[in-house]
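> Quick check, what structure comes out for this input:
(chains A, B, C and D)
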Amino acid sequence: MHANITTETGAPLMSARGITKQFAGIEVLRNVDLNLMRGEIHALLGENGAGKSTFAKILAGVYRPTRGTLMLNGSPVEVSSPIAAQKLGITLIHQEPISFPDLSVAENLVLGRTDGALLGRVPWAQMTRDANALMDLLGVRIDVTKPMRGLSIADQQMVEIARALASDSRLIIMDEPTAPLTPKEVETLFKIARRLRDEGRTIVFISHRLEEVRALCDRVTIFRDGDKVETVATDALTDADIIRLMIGRSLKEYLHKTGSTIGEVALKVENLTLPGFFADVSFEVRKGEIVGLGGLVGAGRTDVARAIFGVAPAASGRVAVNGKEVTISEPSDAIALGLAFVPEDRATAGIFRTLSVEQNITAAIPKRIAPNGVIRRALEKALASDSVKKLRIRLASLRQPIGELSGGNQQKAILARWLLTDPSVLILDEPTRGIDIGVKAEFYDMIGELAASGRAILLISSELPELLALCDRVLVMSEGRLTANLSRTEATQESVMHAAVPKTARQTVGVAA
Amino acid sequence: MFKKTLLAGLALSVAMISGVALAQDKVSIVYIPKNTGNPYFDSLVQGFVDACAELGCDFTTAAPATAEATSQIPFITAQTQRGVDVIAISPNSPDAMNQVLDRAREKGVLVLAVNGDLVDNYEHRDAAILPVDFTKTGPGQVELLGSMIGYEGEIAILSATTDAPDQNTWIAAMENSLATDPKYAKMNLVAKVYGDDEPQKSTTEAEALLQTYPNLKGIISPTTVGVAAAAQVIQSAGKAETVKLTGLGTPNQMRPFVKDGTVQAFQLWSPYNEGWLAAHFAVGLKNGTISNEVGSTFEVPNLGSITIGEHNVMNTQAELTTFDAANIDEFNF
Amino acid sequence: MNSTEATTTSTVRDAAAARPRWQVLLIRPETMTLALLIGAIIVASNLSPFFSDLGFILESSTYYIEYALVALVLTLVIISGEIDLSPAAMMALSACVFAWCYQAGVPIELSMAASLVAGILMGLVNGILVIRFQLPSIIVTIGTLTLYRGLAQVLAGDRSIGKFPKWFNGIDYRLVFDVPVPVILFIVASIVLALVLGTTVVGRQIYQIGTSEVAARHAGIRVRRIKTGLFVLMGIVSSIAGLLTASRLASVRYDMATGGELQMVLMVMLGGTYIFGGRGTILGTFLASWLLVIIATGMTVANIAVTSQLIVMGLLLIVSIIATNAIYARTQR
Amino acid sequence: MNAVSNLLGTLFQRREAGIVVMIVLLVAAVGIIQPRFLSLETLRIVMLAIPLIMIAAMGQMMVLVARHVDLSIGSILGFSAIVAGMMFRDLPDWPVLVGVLVAVALGGALGLLNGLLVTIFKLPSIIVTLGTLSLYRGFVFLVSNSRQVDPQFIPKSLIQMSQTSPFIGIPWIVIIAFIVALLTYFFLDHTRLGRQIYAMGSNPVAAPLRGIRVVPVTLLVFTISGALAGLTGVIYASRFGYVNPGITGVGFEFTVIAAVVIGGVSINGGVGTVLGTVLGVILLGTVNVALPILGVSAFWQDAIYGTVIIVALLIDRSVRQRGIKALSGARSNA
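You can find the predicted model right below:
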């Protein structure tokens, strides 16, 4: 551990003073003061939507703060655009690698560099040499003349990191860089990060994984709900402290599981395989049971759910619903069988943004609202307003476009849509992502009630506490395969993580964690 | 903003109206050419304009943007609605306008086909004004080319579209002359190709002719676009000495090629006289001085005596005019 | 960028207030179209004294109503988030199939059926390329528009095929309560499609697909089936429009309805259908069709040169998308 | 063995190689049926058939790479040609070069207008240019008063550009076309700005984050496309010797788009090479020349164009799919 900076001594590289950010009149960041010191690795922690990514984007010039100032080396600066940030020596490595898939790796590394005239010549040979040197430095074997399109997400992430290295920045912000990486790659990344720190550069590190933060970061700043809660040395806090600071109360307070009786097998999956995505996945979910599905991003969890629901059907394997073997080639088949699926990406796969809340709620029950093909408005309205009451969806009018609602209420409407189909099996993919803390608790209650009413629930979540608190059983996927089936008592942070990290590199976990 | 722009646009259009009300006492004539921007018809229109200035009739012209079969239909309806007395039209199709022309005639409009006829649909127009007796065009062209190549060698035809009625009449006559007249016994027609009256296609077809028939001595292109394209091809291939070209073209289009010797001579008639004759015929018919009977004759200034032939067809001239280096500068159309 | 949007909305504490009802009703693209229609009628009546004659307008409308009929279905296609630029070519090819069959001795009823089958097949080809092979519809249909038009040319050459039985010809001159049959057909189709789109589940699902195809699939809507169905429906309606045109002209040529796609897209855009899908109404397209009829007829009868017509059409298309975009951007928030 | 098959593999993955193979096969097939086809004269005809398409294709390619499309180039061509022709007619004492420059500048201006509509109002370029296709053609009729510029007014020096040759029989306009292609190649492949066009088309969302000024670059691309269409207009006057408002450039956009798409330029942006486009143009030009020599009716031309566009789309898609497969494969191996 090179914990060389635990207190703010000397002048900070970058200070934020009273940074506030509003989107369409809503504050997503409130009055944030923060100092980033030279030669430190500074973690930003917080739940989804807590404001850490927004803050990072303000530092990097992607957003401009509504109020507040940024000071670089003690003097106020305007970071008006990503280019301006680059000129000031600030680089942001985005959560999802932002690359140009049709251009070569080498080009992706230098593109957007501000030196040189627009009509100046592109030094192809020099560029390739430099790119190879960088790849060697990172210890990754990537053909830099090939287009980005063919690279894995992890490799793309490494190219992003290489770009930050190449740009010679003073402040490097990494927004969840490790999500798609193998432990071995994480280790390489950490080595490089430490070296950069030792050169006196500042690194801002955003991650959900506490163990990574502990292994790498000197100080942490915790965000909650748009506020900066605290900035302290990493060693000064226990995991429980951090979680408490992130969510505002301890886990136990808001995660509660009502007991339900577990019945017959509702969903049975055998040897499900989709080459390139997942292989040989078998499990079952019983009535009244909440089965969690954990693993790293890209482990294939969402792909399995999409395959079961018929969005992207599997190439081979069997699915049985309520004891009967079925073929599901389209979501409509799945719905007819009593399946429901709340997708991870609510904005694109869940809501019809510009259509009314009412239409959104009744989208999956055409036969009920229109028995002979013609929609019965009164019936539709009654069904929708009933759901709104039941799920306590906050809105101004049923005819309001759903896009005007908050994320939590949008998600409730989606859940309402599926409850109207009276499903026997519910697949929830990251149902609480990007949702207010308060509403989250409501969701946990609802999921519990749904199970208690005899429905089988498959819950995909990246938030370990959520899985551990809610589920009767936790399945874990890694690299497209099911690696664990843990009972409630067996499931712990450690056991789930152990099963989630790729086998090929398991021995290195100790170093990373 | 939307509304404003549109109203401005419409206001702009108001400024462009060419004539609001038509005087009742004068004969009003409208001429609908095949399409706008076709120089051939500019000269024809001029004939109408000059004749009407002299005869005291009202004249307007309106043309569609493209020479597509149906594009003239809305114009016929609109002109009928405007209450014109005479619609003179150079039809884009021999049959697509039958019904709308019938309707115009029911309303008392005199319908004249000018420069091209409604072949096999004669009953849908009152009379046709054609430049020459089309049966003479084919033999005339063969004779002209024959005289250039010494009545010997391979020749080819570059026409407009495969279905162009006038061109097909001429080509049939050409083939007939070549087959029957012993004078042309040594002239051998090796190919008939079609450039669709498009410069690009006509050019490629002409190039292919030179390429495929290395012994080619002459080309006849009885269409203005084709003959100009073929002239351009021969000029750029530098084959003016070996391959002779003739056909039907306008002097303005062919002038440079005649001047530089690429083309010795080509033929056409006077489109101006077609307009001139059409206007005189229409006014005379409306005034009752001319009767639209087959076989009847009447006098037209500058053209002399005109006889109404079979299918109520009349011609402006007996023979084609031949243009060469000596006389081409006397013409401007 | 979606992830940032999600974060933005996630922290919205309370739902924003809904927009007042009157504002929602008034600020609609269809309102603009109606205003323009009224404006156009006033301007056209002032432009030419011959314009304000309902019989004449109805007769003239038959020249555009075939496009308008197709534009109704195109509205559904565009609402569903796709586009089809090939209907004019489908009209031509299906009509050529009809005429070719008839000329080959097939009974006319069977020839008409063959034309419908051709329409279905062409629509299916478009649908398969777009849905099965996931190619962008705009470029696919540019390809098939060239292909279908080309096949029509191969089939019919550049001849015009006609001589259909008397009962088949002139559907535009058959009147029901003084209204030409094609216009009746258009009005009936408008009502039916408006009801389908506005009150049925399929109509609802077309909007949902256009708003978010991914979400629609997740909600169990049979996206592929509906979209393929819409493309096939385009083929069918194009074939019907082609037959109507054949009846009106009493003849068929390969270049029938050339450039019609621009007019159809213009009708849909002018009616306020959102080019990116998810919004639009049949009422809008209905009003816009009449707007176009009024503008085109008004300009033709006022003898305004085609030049200005091209400019007005081009401007209208651009201005209407800008206006529609602006209106939807306002209500989007 | 392995090295050879690898080499073959990469060769076949290159789109350009495929087009070369197609050209060779086509020439061989036509040559067998009609041996006269294999002659220097054919080469000259093919050469004359391509400059018009090639110059405009360079502009269209740039637009497609930037993930847009320009359907109005035929009308821009017509407008530039008619204005240049009218200058030649009405101002015969002015140098020819002035007319050429005016044509290029006007084309650029109309292209810029397309770009402004696309960027300011954030409209899809395909609809905007469908509108300006009609609008600009209206301008052509308007400025020319619907009158053709006759051959006698086209300067001899301009006509000779397509007839005389500076060396080994290659006409000037062919040389001009290849110079334009070469310049485009240097611009797109060897300048930072050129690479930014590829980047913008490859990922429009990421482009501004990487400091690419999307609006000016888009405007530039449309302006270049318009200017090249303008230059094509002058070449048209040179090649055909006259300018007609109703004919010049009508339907030209489909030919150009077909050539560019055959050349492997993706309509999804970001992909395409100048070499591929040049080969696509040559292939299309060869087909055009081969059809009449084979005696195939010109009626087939449009049907063949349409088929070729669709086949090119399908090939493009299968190449793309292979890329996705490679990606997912790499992911499970990681």
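> Which neighbouring elements make contact with the helix or strand containing D:L158?
Element membership for D:L158 (DSSP states H and E) is helix D:156-159. Using 3 or more CB pairs under 8 Å, 6 or more residues apart in numbering or on different chains; DSSP states H and E as the contact definition, the elements that helix D:156-159 packs against are helix D:214-240. Heads up, the C-betas are built off the backbone N, CA and C, glycines and all.
> Can you name the next helix or strand after the helix it packs on?
helix D:252-262.
> show me the contacts for A:L34.
If a contact means CB atoms under 8 Å, 6 or more residues apart in numbering or on different chains, then A:L34 has A:S15, A:A16, A:I19, A:F55, A:T221, A:K228, A:T231 as its contacts.
> ok so it is a strand residue?
Yes: A:L34 sits within a strand when classified using DSSP: H, G, I helix; E, B strand; the rest coil.
> how close does it sit to chain C?
According to CB to the nearest CB, to the nearest Å, A:L34 and chain C sit 19 Å apart.
> Kindly report the same for D:G306.
Remark: distance between D:G306 and chain C (CB to the nearest CB) = 3 Å.
> any bit of stretch B:45-63 sitting next to chain C?
Yes: part of stretch B:45-63 sits close enough to chain C to count as contact by CB under 8 Å from any CB of the partner chain, namely B:T60, B:A62, B:A63.
> In contact with the spatially most central residue of chain D, which residues are there?
The structure's chain D has its C-alpha centroid closest to D:A57; by CA atoms, centre = their mean the separation is 0.9 Å. Residues in contact with D:A57 (CB under 8 Å, 6+ apart) are D:V256, D:A259, D:V260, D:G263, D:T277, D:G280, D:V281.
> Can I get those residues in a markdown table including distance to chain B, neighbour count and pLDDT?
As requested, those are exported to a markdown table (distance: CB to the nearest CB, whole Å; neighbours: other CB atoms under 10 Å in any protein chain shown; pLDDT from 0 to 100):
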| residue | distance to chain B | neighbour count | pLDDT |
| --- | --- | --- | --- |
| D:V256 | 13 | 31 | 91 |
| D:A259 | 14 | 30 | 89 |
| D:V260 | 18 | 30 | 91 |
| D:G263 | 20 | 27 | 87 |
| D:T277 | 20 | 32 | 94 |
| D:G280 | 18 | 31 | 91 |
| D:V281 | 14 | 31 | 93 |
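> hmm, back to that, how distant is the helix or strand where the residue nearest to the centre of chain D lies from the center of its chain?
Using DSSP H and E, D:A57 sits within helix D:51-65. On the basis of CA atoms, centre = their mean, to the nearest Å, the separation between the geometric centre of helix D:51-65 and that of its chain is 3 Å.
> Beyond it, next helix or strand please.
Next helix or strand after helix D:51-65 toward the C-terminus (DSSP H and E): helix D:73-90.
> quick one: average confidence on the following helix or strand past that following helix?
Along the chain past helix D:73-90, the next helix or strand (assigned with DSSP H and E) turns out to be helix D:96-120. On average, the pLDDT along helix D:96-120 is 95.
> And the strands in chain B?
B:28-32, B:58-61, B:86-89, B:110-114, B:127-130, B:153-159, B:187-194, B:216-221, B:244-247, B:265-268, B:297-300, B:304-307, B:313-315, B:321-324 (DSSP state E).
> at contact distance from chain D, anything in the first one?
No: applying CB under 8 Å from any CB, one finds that strand B:28-32 is not in contact with chain D, the shortest distance being 13.9 Å.
> list the buried ones in the helix holding D:L158?
For helix D:156-159, burial by neighbour count (16 or more other CB atoms under 10 Å in any protein chain shown) applies to D:L158, D:I159.
> And for it, what's in contact with it?
Counting by CB under 8 Å, 6+ apart, helix D:156-159 makes contact with B:P256, D:F88, D:V96, D:V234, D:A237, D:S238, D:G241, all of which sit outside it.
> Centre of the chain to stretch A:20-37, how far?
Using CA atoms, centre = their mean, the distance between the centre of stretch A:20-37 and that of its chain works out at 21 Å.
> now could you export just the CA positions of that stretch as CSV?
Output of stretch A:20-37 as CSV, limited to C-alpha atoms (Å, rounded to 0.1, in the frame of the first residue of the first chain):
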residue,chain,number,x,y,z
THR,A,20,-24.2,22.3,-8.5
LYS,A,21,-25.7,20.7,-11.6
GLN,A,22,-29.3,20.8,-12.7
PHE,A,23,-30.9,18.9,-15.6
ALA,A,24,-34.2,20.4,-16.7
GLY,A,25,-34.6,22.1,-13.3
ILE,A,26,-33.8,19.1,-11.2
GLU,A,27,-30.6,19.1,-9.1
VAL,A,28,-28.6,16.0,-9.6
LEU,A,29,-25.5,17.5,-7.8
ARG,A,30,-25.7,19.9,-4.9
ASN,A,31,-23.0,22.2,-3.7
VAL,A,32,-20.1,19.8,-4.0
ASP,A,33,-16.7,20.9,-2.5
LEU,A,34,-13.8,18.6,-3.2
ASN,A,35,-10.0,18.8,-3.4
LEU,A,36,-8.1,16.4,-5.6
MET,A,37,-4.4,16.3,-4.5
